[in-house]
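[1] can you look at this prediction? I've put the sequence above it.
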Amino acid sequence: MTNVTRAEYCAVAVADCFADDGEIMGSPMGLLPTLGARLAKNTTNPQLMLTDGEARILRGTPPLGQSTDVVEGWMPFRLVLESVVPYGKRHVMMGATQIDRHGNQNISAIGPWDQPTRQLLGVRGAPGNTVNNKTSYWVPKHSARVIVEQVDIVSGVGRSRAEEAGPAATRFHQVDWLVTDLGVFDFGGPGHTMRFVSVHPGVTVEDVRAASGCKIHADGEVPETRTPTGGELTLIRELLDPGNLREREVPAR
């Protein structure tokens, strides 16, 4: 299919992140992660439990920008923190202002710890998410300012830091995937470092390396991200995102 857009490749790449999770709570944060998680629930993982992003467990998958649906349960943040987060039964997909080759994420501040030049969100729930739950990341614009050798401040914890902290930090720790507008990556390189999984059609490995601020390991020839099926495209275009919001986050190229 030659009319598949970059945003749609990103959506199926995100959906594939949730495909093998089984009966688990999905916590996608942001537009493309939400689209991908809802696509996974409609295709590869119908057991994925999703909320409206606030406190209601939804039976179905409403279009982006809407939360109207049959409500199956009540899941306020208090219950998430008490009953889900500490037990590893959750897959979080967060954003990252910076993410380094060791899987550490920064959403806190830019610049030196003692005198940052830019204040961001703060660490928020990132340390707890990464230590307690399977975690993946979404970056809508892959650049050397975001994909870095070492983050300025650690918010989400990569594997090496978790191992340094001991068994309590590694019991459920699993930084799994990084999806960007250029490709898909994991942290299966030497020493739990960033590794190519695929590049989106129209992108080369050299393009990715030129747009990155750190080394990314490749085991060999890097494949292309898979093409969405006709059924997946119908779900994306007609059910999940009829307003085409995905193209605003990842413009067509």
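    Ah, there it is. Numbers count the residues shown, from 1 in each chain.

[2] ends of stretch 203-223, what's the gap?
    End-to-end distance for stretch 203-223, by C-alpha to C-alpha, to the nearest Å: 11 Å.

[3] and the contacts of it?
    Contact with stretch 203-223 is made by 100-101, 142-149, 182-183, 185, 189-190, 193-199, as judged by C-beta atoms under 8 Å, 6 or more residues apart in numbering. For every residue, glycine as well, the C-beta is placed using N, CA and C.

[4] check stretch 107-115 too.
    So stretch 107-115 is in contact with 94-98, 116-124, 126, 152-153, 155-156, going by C-beta under 8 Å, 6+ apart.

[5] can we see that at 10 Å?
    Contact with stretch 107-115 is made by 94-99, 116-126, 145, 151-156, as judged by C-beta atoms under 10 Å, 6 or more residues apart in numbering.

[6] please identify the buried residues of it?
    For stretch 107-115, the neighbour count (16 or more other C-beta atoms under 10 Å) marks 107-110 as buried.

[7] run through the stretch 1-150 of the chain and note the low-pLDDT ranges.
    Along the stretch 1-150 of the chain, segments meeting pLDDT under 70 span 1-2.

[8] okay, helices next: where are they in it?
    6-18, 31-42, 77-79, 126-132 (DSSP state H, counting those that start in this stretch).

[9] how about those in JSON lines, adding distance to Thr229 and mean neighbour count?
    Formatted as JSON lines, those follow (distance: least, C-beta to C-beta, whole Å; neighbours: other C-beta atoms under 10 Å):
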{"stretch": "helix 6-18", "distance to Thr229": "8", "mean neighbour count": "26"}
{"stretch": "helix 31-42", "distance to Thr229": "11", "mean neighbour count": "25"}
{"stretch": "helix 77-79", "distance to Thr229": "35", "mean neighbour count": "11"}
{"stretch": "helix 126-132", "distance to Thr229": "31", "mean neighbour count": "22"}
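
[10] let me know which of these is the nearest to Pro86.
    Across those, the minimum distance to Pro86, taken as C-beta to C-beta, is reached by helix 126-132, at 5.9 Å.

[11] which strands or helices does that closest one pack on?
    Counting contacts by 3 or more C-beta pairs under 10 Å, 6 or more residues apart in numbering; DSSP states H and E, helix 126-132 packs against strand 90-94, strand 105-106, helix 159-165, helix 167-170, strand 174-180.

[12] okay, these, which one's buried deepest?
    strand 105-106 (a mean of 26; mean count of other C-beta atoms under 10 Å).

[13] good, wrapping up.
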